[in-house]
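Trainee: Need coordinates for the below:
(one chain, ligands or ions: 1)
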Amino acid sequence: MDIDHGKPAVKLTDVEFRRKKRVILTHVNLTIQPGEKWVLFGPNGIGKSTLISMMATRGFPSEGTVDVLGNRLGRVDVFSYRNRIGVTSAELADSFPYDEDPLDAVVTALNAVTGRWRDTYTEEEYAKARGLMERFGIGYLAGKQMWRLSMGESTRVMICRALMANSDLIILDEPTTGLDLGGRELVIRSLREIAFEDSPRAMVLVTHRLEEIPEGFDHLAIMGRMSGSEVQAANVIVRDGDPEPGTIVYTGDLEHGFTDERMTHLFGMPLHVVHTGTRWAAYAA
Ligand SMILES: Nc1ncnc2c1ncn2[C@@H]1O[C@H](COP(=O)(O)OP(=O)(O)OP(=O)(O)O)[C@@H](O)[C@H]1O
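Mentor: Next comes the predicted model:
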């Protein structure tokens, strides 16, 4: 299937997600155009992973529609376009056979499979996988086994995998979690380079830490909880004892999104945001 030029990479329309009568997400609207680099930011448990599982065609909304690369979730066979989506997440890292060679974990992205079986790959494809692993400082892992990797190593394998297939959409779910300072900065620097490449590839980086946002990611969606009055106005039924549902409370550029006021409101404590020109940070005021 070809790139659907002109169509958004992701379009979420009035998305709601419920589990066991709890409304976890509601009234979520977001459009990501080809080539855009987005940060999806929000506190723990707000629904970031739930939302990106839909963008990755792994989860379905209870209400509303999700269009990914021009395909409506639930209407088009996801296997016909899943190899155009590169995803990194701790969950994905756990889904490989324990003895999988990390080099194969990268190259198998070309067929969107976890675990090499009868599929074969060319020398050029392996060379590309090796090149990516070198770029992310894990060239030495080729020939090893996935189960032996440290968390930081397996995170970097997942990033290489996401970049392997020249995907039209790359979703990075907390790609620097578990990395030491050097590893984190190496990944941030590489993601910065990738973000600045002139490419129609859309990228979504999920994080709850401002420090981990690479330069070049310039669109921001912030998730937060609806207030009681917003829940009432929107006619959402929230059971006693359940937290208010998550939704997107801000979309726009980083400058206008990461304000002291908004961060303070979001986390319920006085917070001060620092912007050095290329990087961001936030501290308790
Ligand atoms: N299948 C499910 N069944 C029940 N509850 C779920 C399910 N999936 C998610 N939840 C709940 O939905 C909420 C949002 O979870 P999610 O993992 O999407 O949040 P998150 O923003 O990614 O959190 P974190 O930053 O901690 O990773 C949580 O309260 C979680 O317990």
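
Trainee: ok, now which residue in the chain is the farthest from the centroid?
Mentor: Here the centre of the chain is the reference, and by Cα atoms, centre = their mean the most remote residue is Asp240, at 31.5 Å.

Trainee: can you pull the pLDDT of that one?
Mentor: We have a pLDDT of 83 for Asp240.

Trainee: can you check Asp173 too?
Mentor: The predicted local confidence for Asp173 is 91.

Trainee: Over to it: give its phi and psi.
Mentor: Torsion angles at Asp173 (phi, psi; degrees, to the nearest 10) stand at phi -90, psi 100.

Trainee: wait, what's in contact with it?
Mentor: 48-49, 52, 87-90, 206 (Cβ atoms under 8 Å, 6 or more residues apart in numbering). For every residue, glycine as well, the C-beta is placed using N, CA and C.

Trainee: same deal with Ser95?
Mentor: Counted by Cβ under 8 Å, 6+ apart, Ser95 has contacts Thr114.

Trainee: quick check, it in a strand?
Mentor: No - going by DSSP: H, G, I helix; E, B strand; the rest coil, the assignment for Ser95 is coil, not a strand.

Trainee: That one and the ligand: what is the separation?
Mentor: Counting by Cβ to the nearest ligand atom, to the nearest Å, the gap between Ser95 and the ligand amounts to 17 Å.

Trainee: next one: Arg156
Mentor: For Arg156 relative to the ligand (Cβ to the nearest ligand atom), the value is 19 Å.

Trainee: Touching, that residue and Leu191? I think so.
Mentor: No - at 11.3 Å, Arg156 does not count as touching Leu191 under the criterion of Cβ atoms under 8 Å.

Trainee: Settle it for me: which of those two has more neighbours?
Mentor: A count of neighbours by other Cβ atoms under 10 Å puts Arg156 above the other of Arg156 and Leu191, at 30 against 26.

Trainee: residues in the stretch 1-150 of the chain within reach of the ligand, list them.
Mentor: Counting by Cβ under 6 Å from any ligand atom, the positions of the stretch 1-150 of the chain adjacent to the ligand are 19, 24, 42, 44-50.

Trainee: Out of the residues you listed, which sit inside helices?
Mentor: Among these, the ones falling in helices (DSSP state H) are 48-50.
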